[in-house]
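Novice: My questions concern the predicted model and sequence given below.
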Amino acid sequence: MSKNTLFPLLAFLLLLSIWEFGSLFFVEMRLVLPAPSNIIARIAQQPDRFLFHTEKTFKTMMGGFLLAFILAFPLAWLMSRWLSARLMLQPLFVIIQCVPMFALAPIMVIWFGWTYTAIVIPTAIMIFFPLTMNIYQGLHATPKDLLDYFKCNQATTWQLFCKLQLPWALPQIFSGFRIAAAIAGIGAIAGEWAGAQEGLGVLMLESRRGADLEMTFGALTCLTVLSLSLYGGILLIEKMTLNRSILRLLQRVPAYVLIGLGCVLQSCQSADSESTKETQTRLMLDWLPNPNHVPFYVGLDQGFFANEGISLKILKIQDPSDPLAYLSSGLVDIAISYMPSVIQAMSHGAPLQAIGILIDEPLNAIIYRSDLGISTPADLNGKIIGYSVDGSGTKILDELLSVNHITLKEKHNVSFDLVSMIGTKRVDALYGAFWNIECEQLRSLGIQTDYFTLTELGMPTYYELIAMAKKGTQAASPEFENKFQRALQNSIDFCLKAPEEAFEIYLRYNPDKGKKVVDWERQAWIKTLPALARQQVVDPVVWETYARWLHNVTD
């Protein structure tokens, strides 16, 4: 082994050793960075699931790579041939590159729905700019005297391109390919976070929210290996071009064949999604699958929805603020959301209608560490609270603190990192977490907590999770509403009669959950059972009382 490879290898092994021993001696570190041995063991436990999601992400990366190349090559050629094209296109490319893909990806979902196309386009855009500019630089770098020589010998445009410009540009083109290979994974993850139901990006996010960090870093390891493999494959192809065998083949393949191949790939990948779009009832969860959603999987598995003529398709979402927006735009037929969010949306003119109840009591709470000596709300004085709510949610928190005469030391927006923030003692309490979910999740990590429900703090009761439809749609019709309510209540009744069987059904539909997650979610499910709705009729007194209170607090 040469020194060029030995020193990097030794440095890598040293880093892993420090990481491993750091995880053993610093307990808090495990909440944000699991030991490498645990990550490897996690991959070995469920290799089939990692392989499944890796394959999905690989298809996204390759689709984005192909789409970017199909667009980049002719545009780069136009820029190298005409100054006017370069002056017009270059600023446009820079503007596109400046748009964050994580902001653009949700727009792709709104335009294209939950299809392969919506995930591939952000990947292609991420790759497009460096690939185009490298191809352009390569084509533009052809020496002028050689161009003049070819033209003097009456070479055609095609001959000029294939026999001079393309061979001359190959080093720059492959440089663009290598850059694209390195960042294709980032683009794929951005697309998957916004609109995919499968893939390494979804696996990372779902396991991260479930505090299964071994799974998260296992998915990151797979993505790293995938990117390195793609990079190595491009290096191999680059070496093969030294004998010009691949170049001679490319010279015989018209450009329209490559373009046609790309179009076929895109149409095939999205065909299934479009063909079933009209026949299925698309239900979007309020969050990633968790014990609150067990009844929907039971209804799907036991045929309660099918018996009512409802072909239900369950979609998960990574941002709980998105379901109502997707419902209003017609991308889903039913959205599960929180009553406070629904009332806020309706007050701004959203044409929404409640068609079912999943959880009929508040789950949101102020959760605090048990070792802080807190027994009454007044004991929160001088403490640090982390919250995960929007602007109106912070007003609600301020109102609850004011009514209970609580003055905090600090208040921080911790986004969705609720568990790690309280686990590492960055905050003393949480607002925006559910007492049936996060308390059990923290307990599984060895962090004992307790909580104050919001009704204890003076908030009127409300329905935590309700099924919403858009007014004027089939899902909002009285006939469909009655069918949906019967199916949902039958599912809930089954869960109450056979909770263990119901939970096993839920696990079959969510096979990526590891043993630790399954253990704490099982306990969370037991705590959730009493909160499931016993009937499907929305009580107007509950609705109006809470709506008045919310209006007074937020306006």
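Specialist: Looks like it arrived, so ask away.
Novice: When you work out contacts or count neighbours from here on, use the C-alpha atoms and nothing else.
Specialist: Fine.
Novice: For residue 370, which non-adjacent residue is closest in space?
Specialist: residue 449 (4.7 Å; C-alpha to C-alpha, 6 or more residues apart in numbering).
Novice: so what's that neighbour up against?
Specialist: Residue 449 makes contacts with 367-371, 439, 442-443, as judged by C-alpha atoms under 8 Å, 6 or more residues apart in numbering.
Novice: Top of those by number of neighbours, please.
Specialist: residue 368 (26 neighbours; other C-alpha atoms under 10 Å).
Novice: what sits against that residue?
Specialist: Shown in contact with residue 368 (C-alpha under 8 Å, 6+ apart): 374, 428-430, 449-451.
Novice: in what helix or strand does it lie?
Specialist: strand 364-369 (DSSP states H and E).
Novice: State the mean pLDDT of that strand.
Specialist: Strand 364-369 comes out with an average pLDDT of 94.
Novice: try stretch 397-413
Specialist: The average of the pLDDT scores along stretch 397-413 is 92.
Novice: can you check stretch 491-505 too?
Specialist: On average, the pLDDT along stretch 491-505 is 97.
Novice: That one: which residues count as buried?
Specialist: By neighbour count on 16 or more other C-alpha atoms under 10 Å, the buried set for stretch 491-505 is 491-496, 499, 502-503, 505.
Novice: again, but for stretch 173-184
Specialist: 173-178, 180-184.
Novice: Present those residues as JSON lines; the columns should include distance to residue 47, pLDDT and secondary structure.
Specialist: Formatted as JSON lines, these follow (distance: C-alpha to C-alpha, whole Å; pLDDT from 0 to 100; DSSP: H, G, I helix; E, B strand; the rest coil):
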{"residue": "173", "distance to residue 47": "36", "pLDDT": "87", "secondary structure": "helix"}
{"residue": "174", "distance to residue 47": "33", "pLDDT": "88", "secondary structure": "helix"}
{"residue": "175", "distance to residue 47": "33", "pLDDT": "89", "secondary structure": "helix"}
{"residue": "176", "distance to residue 47": "33", "pLDDT": "89", "secondary structure": "helix"}
{"residue": "177", "distance to residue 47": "30", "pLDDT": "90", "secondary structure": "helix"}
{"residue": "178", "distance to residue 47": "28", "pLDDT": "89", "secondary structure": "helix"}
{"residue": "180", "distance to residue 47": "27", "pLDDT": "89", "secondary structure": "helix"}
{"residue": "181", "distance to residue 47": "24", "pLDDT": "88", "secondary structure": "helix"}
{"residue": "182", "distance to residue 47": "24", "pLDDT": "87", "secondary structure": "helix"}
{"residue": "183", "distance to residue 47": "25", "pLDDT": "88", "secondary structure": "helix"}
{"residue": "184", "distance to residue 47": "23", "pLDDT": "89", "secondary structure": "helix"}
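Novice: For residue 74, state which of these is nearest.
Specialist: Residue 74 has its nearest neighbour among those in residue 173, at 13.0 Å by C-alpha to C-alpha.
Novice: Can you tell me the closest non-neighbouring residue to that closest one?
Specialist: Here the residue nearest residue 173, using C-alpha to C-alpha, 6+ apart, is residue 135, at 4.9 Å.
Novice: Quick check: that neighbour is in a helix.
Specialist: Yes. Using DSSP: H, G, I helix; E, B strand; the rest coil, the assignment for residue 135 is a helix.
Novice: Now do the same contact list for it.
Specialist: 72-73, 76-77, 169, 172-173, 176.
Novice: Ok, residue 474 next?
Specialist: Contacts for residue 474 (C-alpha under 8 Å, 6+ apart) come out as residue 480.
Novice: Quick check: it vs residue 306, distance?
Specialist: Per C-alpha to C-alpha, to the nearest Å, residue 474 is found 16 Å from residue 306.
Novice: Could you do residue 378 as well?
Specialist: Distance of residue 378 to residue 306, computed by C-alpha to C-alpha: 51 Å.
Novice: got it, and residue 448?
Specialist: For residue 448, the distance to residue 306 - C-alpha to C-alpha - is 42 Å.
Novice: Residue 393: how many residues sit nearby?
Specialist: 19.
Novice: what helices or strands is the helix or strand where it lies leaning on?
Specialist: Taking DSSP H and E as the definition, residue 393 sits inside helix 391-403. For helix 391-403, the packing partners by 3 or more C-alpha pairs under 8 Å, 6 or more residues apart in numbering; DSSP states H and E come out as helix 540-554.
Novice: and the helix it packs on, what does it pack onto?
Specialist: By 3+ C-alpha pairs under 8 Å, 6+ apart, helix 540-554 packs against helix 339-347, helix 391-403.
Novice: Could you export those helices to CSV, including columns for distance to residue 48?
Specialist: Formatted as CSV, these follow (distance: least, C-alpha to C-alpha, whole Å):
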stretch, distance to residue 48
helix 339-347, 38
helix 391-403, 41
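Novice: Residue ranges in the stretch 401-550 of the chain under the pLDDT threshold?
Specialist: Scanning the stretch 401-550 of the chain for pLDDT under 70 picks out nothing.
Novice: Go again with 80.
Specialist: Along the stretch 401-550 of the chain, the model assigns pLDDT under 80 to residues 415-417, 420.
Novice: which residues of it fall in strands?
Specialist: 410-413, 429-434, 449-453, 465-470 (DSSP state E, counting those that start in this stretch).
Novice: Compare the ones you listed and give me the one nearest residue 15.
Specialist: When these are compared (using C-alpha to C-alpha), the closest one is strand 410-413, at 32.4 Å.
Novice: partners of that closest one in the sheet?
Specialist: Using DSSP bridges, the strands paired with strand 410-413 are strand 384-387 (parallel).
Novice: Name the nearest residue to residue 43, ignoring sequence neighbours.
Specialist: In space, residue 43 is closest to residue 218, 6.0 Å off (C-alpha to C-alpha, 6+ apart).
Novice: For the buried residues of stretch 491-505, name the two members farthest from one another.
Specialist: Farthest pair in those (C-alpha to C-alpha) is 493 and 505. Separation: 14.6 Å.
Novice: Mind splitting this protein into its structural domains?
Specialist: The chain breaks down by automatic domain parsing into domains covering 1-31, 35-275, 281-360+465-528+537-554, 364-453.
Novice: Need the distance between the two termini of the third one.
Specialist: Just to be clear, that refers to domain 281-360+465-528+537-554. This stretch, domain 281-360+465-528+537-554, spans 34 Å end to end (C-alpha to C-alpha).
Novice: May I ask you to name the longest strand in the chain?
Specialist: If you go by DSSP state E, the chain has its longest strand at strand 352-359.
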